[in-house]
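Colleague: Any chance you could fold what I've pasted below:
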Amino acid sequence: MLENIVIALIIPWVLILILYFKDRKVLLTIAPFQSSIAYTINAFGFYFGFWDLYPFGHREIVHVPFDIGIYPMISAWMVHYIKYKKMNPLIWIFIFTILTTVIEGAGVIMGRIVYRRGWNIGCTFVSYLIPYILNYLYYVQLKKSKVF
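Modeller: Have a look, this model is predicted:
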């Protein structure tokens with residue numbers, strides 16, 4: 001569990017601090033939204049037995065460092081790039097979806113993540129794509145509401 005805390009929580013929070021000084025508004029709006037999405041998806045996946053995460057047998061808490069660390073951090077950086085880099089947002093969404101899927105795929109290869117009940121890397125791709133799209137749509141709504 002300590003490894004999960006370091007890899008999925010402490011290291012991402014260092015990157016979150018960098019973003020805090022670059023784009024505080026994106027961080028403070030997107031990260032909490034993504035954290036709730038990540039928690040919901042992980043609760044669903046663990047409850048229905050689609051995946052398990054090392055240390056196995058701690059389904060209630062093992063995903064929390066990911067839900068409040070790496071997933072909100074990645075989403076906030078994605079929206080930051082969408083906001084400031086003049087490239088089609090869908091390209092950024094796909095770049096971040098592929099990046100996150102590759103990171104999880106490495107976890108599967110290393111045996112730290114186990115898929116069950118027909119779940120596979122393609123399902124993982126979709127499970128990241130949908131939240132990133134939702135984050136982008138949330139960002140668009142925040143812009144329309146003049147938050148940005």
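Colleague: Grab the nearest non-local neighbour of the residue positioned nearest the centre of the chain.
Modeller: For the chain, the residue sitting closest to the mean C-alpha position, by Cα atoms, centre = their mean, is Tyr71 at 2.4 Å. Excluding the flanking residues, the one nearest Tyr71 by Cβ to Cβ, 6 or more residues apart in numbering is Ala38, at 3.9 Å. Placement of C-beta: from N, CA and C, glycine included.
Colleague: after the host helix or strand of that neighbour comes which helix or strand?
Modeller: Element membership for Ala38 (DSSP states H and E) is helix 24-47. Remark: after helix 24-47, the chain's next helix or strand is strand 51-53, criterion DSSP H and E.
Colleague: In the helix holding Ala38, which residues are buried?
Modeller: 26-27, 29-31, 33-35, 37-39, 41-42, 45-46 (16 or more other Cβ atoms under 10 Å).
Colleague: and if you look at stretch 100-119?
Modeller: Per 16+ other Cβ under 10 Å, stretch 100-119 contains these buried residues: Thr100, Thr101, Glu104, Gly107, Arg112, Ile113, Tyr115, Trp119.
Colleague: elements contacting the host helix or strand of the third one?
Modeller: Read it as Glu104. According to DSSP H and E, Glu104 maps onto helix 89-109. Other helices and strands packing on helix 89-109, by 3 or more Cβ pairs under 8 Å, 6 or more residues apart in numbering; DSSP states H and E, are helix 71-84, strand 113-115, helix 121-144.
Colleague: Ok, which of the ones you listed comes nearest Leu19?
Modeller: helix 71-84 (5.7 Å; Cβ to Cβ).
Colleague: now what about the closest one, what contacts it?
Modeller: If you take Cβ atoms under 8 Å, 6 or more residues apart in numbering as the criterion, helix 71-84 is touched by 12-13, 15-16, 19, 22-23, 26-27, 30-35, 37-38, 87, 89, 92-93, 96, 99-100, 131-132, 135-136, 139, 148.
Colleague: and what of stretch 128-138?
Modeller: Outside of stretch 128-138, the residues within contact range by Cβ under 8 Å, 6+ apart are 29-30, 33-34, 37-38, 41, 71, 75, 78-79, 82, 89, 93-94, 96-97, 100-101, 104.
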